[in-house]
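Chemist: I would like the atomic coordinates for the input below:
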Amino acid sequence: MQISAVNFVLGAVSIKQVPNDGIPQIAFLGRSNAGKSSLLNAIFKKEIVKISKQPGKTREINFFLVNSPDNSYYFVDLPGVGYAKVSKSMRDEMANRIKNYVEKAHDLKGIVYLLDIRHGGHQIDFETITGIKSAGIPVLLVASKADKLNQSEFIAAKKRLKENFCLPEEPLAVSSKTKKGLPELWKEIDALLNGAENA
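Modeler: Presented below is the predicted three-dimensional model:
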């Protein structure tokens, strides 16, 4: 998939602000330190998504309009789940923001859920993914930070994620740094945009 242009559109803090213009949306979600912002910048091939050294900085639902030669769609950067150095009330507010978006966004076609490949998944990952699937939204599990492991660790980590999340096959692994797996990720996103359901 080729990108002609990408532009930040808005940061929504309520479901009323979410675009409802018929343009398909693909959202990116994961724990606060899973590398969502870095991956989006790697996909866009430009530093458009703000990256912070402190996890949990994304608190709004950020919409990026992506134009390709064939069509247009939104990539949506959701607040991270789990760890964030904010108050409990703010964490609850962010969680509700995500829940409302997943349940009520009419044009949401699927969610790319990032899991740090070095970890086998946390309880909040399992709970969040279960909640998304119960809302009828396809979820694509993607293992991020693939460059952080050597080959034997990499093979073992993918097998562990497959088993822990009961996947039909090992998850796609990507690296924002080396660009590993990005062409394959584009194919999976294209499948979501065209209505194919993933694990």
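Chemist: Now the element after the helix or strand of the chain with the lowest mean pLDDT, going C-ward?
Modeler: The helix or strand of the chain with the lowest confidence, counting by mean pLDDT, DSSP states H and E, is helix 88-104 at a mean of 75. The helix or strand immediately downstream of helix 88-104 is strand 108-116, counting by DSSP states H and E.
Chemist: After that following strand, which helix or strand is next?
Modeler: According to DSSP H and E, the helix or strand after strand 108-116 is helix 123-134.
Chemist: what does that next one rub up against?
Modeler: Here helix 123-134 makes contact (CB atoms under 8 Å, 6 or more residues apart in numbering) with 29-31, 81-82, 99, 102, 111, 113, 115, 139, 141, 165. C-beta here means a position set from N, CA and C on the backbone, and glycine is covered the same way.
Chemist: now swap in stretch 163-170 and tell me
Modeler: Contacts for stretch 163-170 (CB under 8 Å, 6+ apart): 120-121, 126, 129, 141, 158-159, 161-162, 171, 199.
Chemist: quick one: low-confidence parts of this protein?
Modeler: 1, 51-58, 83-94, 196-199 (pLDDT under 70).
Chemist: Please report phi then psi for the residue located most distally from the centre of it.
Modeler: Taking CA atoms, centre = their mean, the residue of the chain most remote from its mean C-alpha position is residue 152, at 26.0 Å. With angles defined as degrees, to the nearest 10, residue 152 shows backbone torsions of phi -70, psi -40.
Chemist: doesn't residue 43 fall inside a strand?
Modeler: No: read with DSSP: H, G, I helix; E, B strand; the rest coil, residue 43 is helix and lies in no strand.
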